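Chemist: just a sequence and a predicted model for now, questions to come.
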Amino acid sequence: MSYVRKNIKNMAGSIVGVIVVAAVAIWQFYLFVAFPGVQGGTGHLWWAIGMTILACLAGFLVFSVFVRHDTDDDLHITSTRHV
């Protein structure tokens with residue numbers, strides 16, 4: 001498997017992972033808000049807060065990989081001294 005294909009596969013998996021964690025956070029917050037007396041409680045709120053923080057951190061890490069540039073492609077220009 002080529003490096004590009006492997007990198008795209010890992011990136012797609014990371015993005016799907018962030019979406020899943022965000023969906024769990026939204027679902028837990030929905031349970032907290034929609035069922036305050038029956039099933040809701042502070043446990044759902046804490047799960048929602050924890051999953052939201054995890055989704056934000058994972059999203060930041062995935063985004064930082066997107067904006068990272070390849071150091072092998074850097075072109076170092078040096079000037080020679082003309083005497």
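Modeler: Happy to help now that I have it.

Chemist: center of this structure - which residue?
Modeler: G59 (2.1 Å; Cα atoms, centre = their mean).

Chemist: tell me which element it falls in.
Modeler: Counting by DSSP states H and E, the element that carries G59 is helix 42-67.

Chemist: list the buried residues for that helix?
Modeler: 44, 47-48, 51-52, 54-55, 58-59 (16 or more other Cβ atoms under 10 Å). In short, each C-beta sits where N, CA and C put it, glycine included.

Chemist: other SSEs contacting the longest helix seen in the chain?
Modeler: Ranked by residue count and defined by DSSP state H, the top helix of the chain is helix 3-34. For helix 3-34, the elements it packs on are helix 42-67, judged by 3 or more Cβ pairs under 8 Å, 6 or more residues apart in numbering; DSSP states H and E.

Chemist: that older thread, for the residue nearest to the centre of the chain, which non-adjacent residue is closest in space?
Modeler: Spatial nearest neighbour of G59, excluding adjacent residues (Cβ to Cβ, 6 or more residues apart in numbering): V18 at 5.1 Å.

Chemist: how about that neighbour, what does it touch?
Modeler: By Cβ atoms under 8 Å, 6 or more residues apart in numbering, V18 lies in contact with 55, 58-59, 62.

Chemist: R5 too?
Modeler: R5 neighbours (Cβ under 8 Å, 6+ apart): none.

Chemist: pLDDT at it, what is it?
Modeler: If you check R5, the pLDDT there is 70.

Chemist: now do the one 5 residues further on
Modeler: Per-residue confidence for N10 comes out at a pLDDT of 81.

Chemist: for it, grab the count of nearby residues.
Modeler: Neighbourhood size, N10 [other Cβ atoms under 10 Å]: 12.

Chemist: tell me the angle of the helix or strand bottoming out on mean pLDDT in the chain relative to helix 42-67?
Modeler: Ranked by mean pLDDT, DSSP states H and E, the weakest helix or strand in the chain is helix 3-34, scoring a mean of 86. In terms of direction (axes from the mean of the first three to the mean of the last three Cα atoms, to 10 degrees), helix 3-34 departs from helix 42-67 by 160 degrees.

Chemist: I am finished for the moment; much appreciated.
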